[in-house]
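[1] Provided below for reference: sequence and predicted model.
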Amino acid sequence: MSRSHTDVSDQVSNEACPITEVLDHVAGKWSIGILVAAAPGPVRFTELERTITGISRRMLTLNLRKLERDGLLIRTVYPTVPPKVEYSLTPMARELHATLAGLVGWAERHRADITTARVTYDAAATSAPDAHAGPGRR
């Protein structure tokens, strides 16, 4: 077979996203919230907007498109007036959701501990400014 007629799977694997790009997409600030919010079932844009605190309409739209492009969300448009649009997780995203649920649970369990650690660190840094300086920071 000539080089111009390579197998499609070879082309896909050669053009696959680097791991860091994949992780940046799925672990982004808004992506996690969207995937967690869409996990229970089909969800509409306005429901996502209400559920995800602090996200703008534009940022939600951009992230939804990105997640759909990455194969993590299915966008279903119903022919009604006005059009009804729902988002649901793909099987690949459902697998990812199990991991994200663990991460979100960990964050909820330890947020008070992290706040306490920050207060302790900041108090120590204020009382002894050079105590936390690393090499070349003095």
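    Noted; the coordinates are in hand. Bear in mind the structure is a predicted one, so any value in this text is a computation, not a measurement. Numbering: from 1, shown residues only.
[2] gap between stretch 20-27 and the chain center?
    The chain centre lies 8 Å from the centre of stretch 20-27; the measure is CA atoms, centre = their mean, to the nearest Å.
[3] who's in contact with that stretch?
    Residues outside stretch 20-27 that contact it (CB atoms under 8 Å, 6 or more residues apart in numbering): 17, 31-32, 35, 66-67, 70, 72, 96, 100. Bear in mind the C-beta positions are built from the backbone N, C-alpha and C, glycine included.
[4] and those residues, which is the shakiest by pLDDT?
    Of all the contacts of stretch 20-27, C17 has the smallest pLDDT value, namely 65.
[5] picking up where we left off before, need the buried ones from the contacts of stretch 20-27 selected in ChimeraX.
    Per 16 or more other CB atoms under 10 Å, the buried members of these correspond to this ChimeraX selection:
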select :31,32,35,66,67,70,72,96,100
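[6] relative to A112, how far out is V119?
    Counting by CB to CB, to the nearest Å, the gap from V119 to A112 is 11 Å.
[7] and D113, what does it touch?
    Contact analysis of D113 by CB under 8 Å, 6+ apart lists nothing.
[8] quickly find the element holding it.
    In the assignment (DSSP states H and E), D113 maps to helix 91-127.
[9] ok now that helix, how far from the chain's centre?
    Chain-centre distance of helix 91-127: 15 Å, with CA atoms, centre = their mean.
[10] report the buried residues of it.
    Using 16+ other CB under 10 Å as the test for burial, helix 91-127 gives 93, 96-97, 100.
[11] what of stretch 56-63?
    Neighbour-count burial for stretch 56-63 flags 60, 63 (criterion: 16+ other CB under 10 Å).
[12] any idea which helix or strand carries the most centrally placed residue in the chain?
    Nearest to the mean C-alpha position of the chain, by CA atoms, centre = their mean, lies S31 at 2.6 Å. Assessed by DSSP H and E, S31 sits inside helix 29-38.
[13] just give me how far stretch 31-42 sits from the chain centre.
    With CA atoms, centre = their mean, you get 10 Å for stretch 31-42.
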